[in-house]
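Enquirer: Predicted model and sequence below, questions to follow.
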Amino acid sequence: MRNRRLILSIAALMTALVGAAPSLATAQGVPRPKTDTLRKPADTSAKRIKIKKDSAAGDVCLPIACVSQEPSNTTMLFEREAYAREAQRVLDSIATEARVRSEIDRIERRVAGERIRAYTDSISRAVDAREAAAIALKRHLARGFYFGLAAGTSMPQRDIRNGYTSGWNTTIPVGWDASESPFGVRGDFSFDRLHGTELRDANNAVVMASGDVSVWSLNLDAKLRAHAPGAPSRTNVYLLGGIGAHRVANGVYGTTGDNAGKNLSFADAQTIFGWNVGAGMSTQWGGTELFVESRFVQVRADMAYHMNGGVGTYASFTPIVIGLQWF
């Protein structure tokens, strides 16, 4: 069997050299060729030649013949490398596109997140600003106990104008305003001075002479205030109204009668109750409030003493003052 394989291999080698490729069946029927005595036989034991059998046709061939009948290994390598490169390029493009898409999605998510955060922050800032404004407004509008000092002019009203002209006023208010309500109460001590005059008849004779009169007042009023629209936060308008205890003193009244030329002292004057009503406006001025107000005050005077000359039965006057108050 071993000799047979060797004979087949030698026959296949000879056939390849002369350009023929006999089949295995033909090779088995060929008689053993004669040995060339002029040439030295090949040393078959030194090198073995591999053969390849085609499983489909049943033929055998030497590696050289097989290579000549099959595609070149270099060509196959080039094709495989080209295919591999193309496949890798496709894979790389897919991976690159996936990375780009992923990066775009990440950027879009980040931008969307930043927009949401910016919107949320803007809402939070707006809410904080509104809350701060509300707190600041509440602080500006915060009220409570206060006191003040004011001064101005005082003008006689009604019949008392027949014997008096404008004078001056000093007022010291003390009060309390509610922070959550427009209502408040106020008490004040005030002093009004009205200047006296002389009245003469057609013959230029003095029929009445009056000296300066003093009105001491202690008032207790209810207060209703409202925030002035469009004005600074601590600007209010308010109404006042209440009752008061007054003493009308001093002054020289009349030229005839038992009391002519006499001066009524504060101690001798009677305490008479009267009433007042008025309005004012206040606004923040640094750490204080600046206010201006006017009231109409009416009190029934001690006419049994002051009646000589027919001045009237009431001491009515209107003070107009400007001042500061501290909370």
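Expert: Structure received.

Enquirer: Show me how the protein divides into domains.
Expert: Annotated domains of the chain cover 2-70, 80-141, 143-326 [automatic domain parsing].

Enquirer: where does the stretch 101-250 of the chain have low pLDDT?
Expert: 137, 140-141, 198-200, 206-210, 232 (pLDDT under 70).

Enquirer: Let's see that with 80 instead.
Expert: Of all residues in the stretch 101-250 of the chain, those with pLDDT under 80 make up the ranges 134, 136-142, 159-163, 196-202, 204-211, 229-234, 250.

Enquirer: All the strands of it, residue numbers only.
Expert: 144-157, 164-177, 183-196, 198-200, 206-209, 213-227, 236-249 (DSSP state E, counting those that start in this stretch).

Enquirer: How about the longest one, which residues are buried there?
Expert: Think strand 213-227. 213-217, 219, 221, 223, 225, 227 (16 or more other C-beta atoms under 10 Å). All C-beta atoms are positioned from the backbone trio N, CA, C, and that covers glycine.

Enquirer: Tell me where the longest helix sits in this protein.
Expert: helix 73-141 (DSSP state H).

Enquirer: Which neighbouring elements make contact with that helix?
Expert: Under the contact definition 3 or more C-beta pairs under 8 Å, 6 or more residues apart in numbering; DSSP states H and E, helix 73-141 sits against no other helix or strand.

Enquirer: closest to residue 94 among the buried residues of strand 213-227?
Expert: Nearest to residue 94 among these: residue 227, at 70.2 Å, using C-beta to C-beta.

Enquirer: Grab the nearest non-local neighbour of the closest one.
Expert: With sequence-adjacent residues excluded and distances taken as C-beta to C-beta, 6 or more residues apart in numbering, residue 227 is closest to residue 236, at 5.7 Å.

Enquirer: In this structure the one you found contacts residue 228, no?
Expert: Yes: Residue 236 lies in contact with residue 228 (C-beta atoms under 8 Å); the separation is 6.2 Å.

Enquirer: Now do the shared contacts for these two.
Expert: Taking C-beta atoms under 8 Å, 6 or more residues apart in numbering as the contact rule, residue 236 and residue 228 both touch 281, 283.

Enquirer: who has more neighbours, the two?
Expert: More crowded of residue 236 and residue 228, by other C-beta atoms under 10 Å: residue 236, with 21 against 15.

Enquirer: ok, now how distant is that one from residue 229?
Expert: For residue 236, the distance to residue 229 equals 11 Å [C-beta to C-beta, to the nearest Å].

Enquirer: Same check on residue 177?
Expert: Per C-beta to C-beta, residue 177 is found 19 Å from residue 229.

Enquirer: of those two, who's got more company?
Expert: residue 177 (22 against 7).
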